[in-house]
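Visitor: Give me coordinates for this.
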Amino acid sequence: MSLRLSTVILPYRRWHEGGRAAWTRAEQLGFHTAYTYDHLSWRTFRDGPWFGALPTLTAAAAVTERLRLGTLVTSVKPRSPIAA
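Guide: Predicted coordinates for the structure are as follows:
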């Protein structure tokens, strides 16, 4: 049996200011999966930038090879298919 470790990467960093590095570093460290949140904000980060999970995961997929990606929370309300 092998142990698979996962991590959570909050989407508060701009891609060119450490966001990309966080995802590539998670892969370099050998994490199996990296998750992010899709909240509209998060506690102490509410006054700063907070990026959407789906664009963040799309960008992470472009710069990683083996790392599995996912969301711990997906907010439906801002993207309601009924309101579209």
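
Visitor: how close does the spatially most central residue of the chain get to Met1?
Guide: When Cα atoms, centre = their mean is applied to the chain, the residue found nearest the centroid is Thr36 (3.3 Å). Distance of Thr36 to Met1, given as Cβ to Cβ, to the nearest Å: 27 Å. C-beta coordinates here come from the backbone N, C-alpha and C atoms, glycine included.

Visitor: And for Leu69?
Guide: In terms of Cβ to Cβ, Leu69 sits 24 Å off from Met1.

Visitor: Correct me if wrong: Gly30 contacts Leu5.
Guide: Yes. Gly30 is within contact range of Leu5, at 7.4 Å (criterion: Cβ atoms under 8 Å).

Visitor: just for this structure, where's the confidence low?
Guide: Applying pLDDT under 70 to the chain flags residues 41, 77-84.

Visitor: what are the ranges of the helices in it?
Guide: 19-28, 53-63 (DSSP state H).

Visitor: Now distance to Tyr12 too, for these, in TSV please.
Guide: Below are these laid out as TSV (distance: least, Cβ to Cβ, whole Å):
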stretch	distance to Tyr12
helix 19-28	8
helix 53-63	10
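
Visitor: Please identify the most buried of those.
Guide: Highest mean neighbour count among the helices of the chain (mean count of other Cβ atoms under 10 Å): helix 19-28, with a mean of 18.

Visitor: which other helices and strands contact that helix?
Guide: Contact here means 3 or more Cβ pairs under 8 Å, 6 or more residues apart in numbering; DSSP states H and E; on that basis helix 19-28 packs against strand 33-37, helix 53-63.

Visitor: give me that answer again for 7 Å
Guide: If contacts are counted by 3 or more Cβ pairs under 7 Å, 6 or more residues apart in numbering; DSSP states H and E, helix 19-28 sits against helix 53-63.
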